[in-house]
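> how would this look folded up:
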Amino acid sequence: MSAEAFRTLYDKVRERTRHGPDDRRGTLNHLTPARVVAAAREVMTGRTVSLAAPVATLPGPDNPDPARHRMTAPGPGDDHSEGLGFALDRFAMNVHGDVDSHLDALCHVMYDGALYNGVPADSVTPQGATELTVDVVRDGVVGRGVLLDIPRLRGVRWLEPGDHVTAGDLAAAEAAQGVRTGPGDILLVRVGHRRRRRESGPWNAAEARAGLHPEAVEFLADRQVALLGSDGNNDTAPSAVEGVDFPVHVLAVQAMGMHLMDYLQFEELAPACEQEGRWSFLCVVAPLRLPEATGSPVNPIAVL
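Residues are numbered from 1 along each chain as shown. Purely as a prediction, here's the structure:
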């Protein structure tokens, strides 16, 4: 896609998803209280499934700066054979890496000097973000989740790095799975990244990964999706757009105001949906309360 074609697409999806000059919630405006109530009716068996991968603490080609976990108590030689004692630990991570499951806040993506809805990029300072932080979703996101399984559609174990999910793929997966994405839904797109990593080993996902084609973002706008998640980065690498490395992030987060969830895992959810014979469910997303942060580790839960 040329830079000119991308700009045309950018302007189109931005204009179709405006919620007023003071809006700070973006596409979450599609997820109304009535739609939350309707989503609760998706629960049939009460079966719960985590959509997060275990936090990775070992370095690898896709994880040069792994999360760090350190025990602070008990210390060497501490004796807890009698009385009260506590085990204590400390945890630190790079939120926006290429392995750990996380949610991108609307302040995460800067494009042409601005964040979503024209908020100046300099509202993000070295001390933290002052607008559009992950605190926007401090009350969580609860709605109808829809899983579209693209490897299942194509009859493969996973999409190879560099492959694109198109709007046609999304519509075809809906038809094959007997489900339709609607206003306020939490759309989850499986590309098989986690399965490939588990079976073939980690690789440099910053340079090569499967994801959505930028034109597929029009599908999200048409269906009024509230939140998008994938078991990859949502963006393909290498980028399909001249001069823009993360076009889906630019279109979704900065143009439309759509929070993204990157590097989830659906290897338990997909077979559960197959067993249940349905691909929609109640989905609960609860980021940490980090008032100045650009994102948060996240463990979404599907309730079938």
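> what's the average pLDDT for the longest helix seen in the chain?
When the chain is parsed with DSSP state H, its longest helix is helix 3-16. If you average the pLDDT over helix 3-16, you get 95.
> Same check on stretch 251-265?
Here the average pLDDT along stretch 251-265 is 98.
> what about that stretch, distance to the chain center?
6 Å (CA atoms, centre = their mean, to the nearest Å).
> hmm, back to that, run through the neighbouring helices and strands of the following helix or strand past the longest helix of the chain.
Next along the chain after helix 3-16, taking DSSP states H and E as the criterion, comes helix 33-40. Using 3 or more CB pairs under 8 Å, 6 or more residues apart in numbering; DSSP states H and E, the elements in contact with helix 33-40 are strand 141-149, strand 280-285. For every residue, glycine as well, the C-beta is placed using N, CA and C.
> quick one on the thing from earlier: now do the buried residues in the longest helix of the chain.
Using 16 or more other CB atoms under 10 Å as the test for burial, helix 3-16 gives 6, 9-10, 13-14.
> repeat for stretch 229-247
229-237, 239-241, 244, 246-247.
> one step back: ok, residues contacting the longest helix of the chain?
1, 214-215, 217-218, 220-221, 241-244, 247, 250-251, 255-256 (CB atoms under 8 Å, 6 or more residues apart in numbering).
> try 10 Å this time
Here helix 3-16 makes contact (CB atoms under 10 Å, 6 or more residues apart in numbering) with 1-2, 111-112, 116-117, 214-215, 217-218, 220-222, 224, 239-244, 247, 250-252, 254-258.
> Kindly report the same for stretch 34-46.
31-32, 141-146, 182-186, 226, 272, 275-276, 278, 280-284, 302-304.
> For ChimeraX, what selects the buried ones among these?
Only the buried entries of the contacts of stretch 34-46 go into this ChimeraX selection, using 16+ other CB under 10 Å:
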select :31,141,142,143,144,145,146,182,184,185,186,226,272,278,280,281,282,283,284,302,303,304
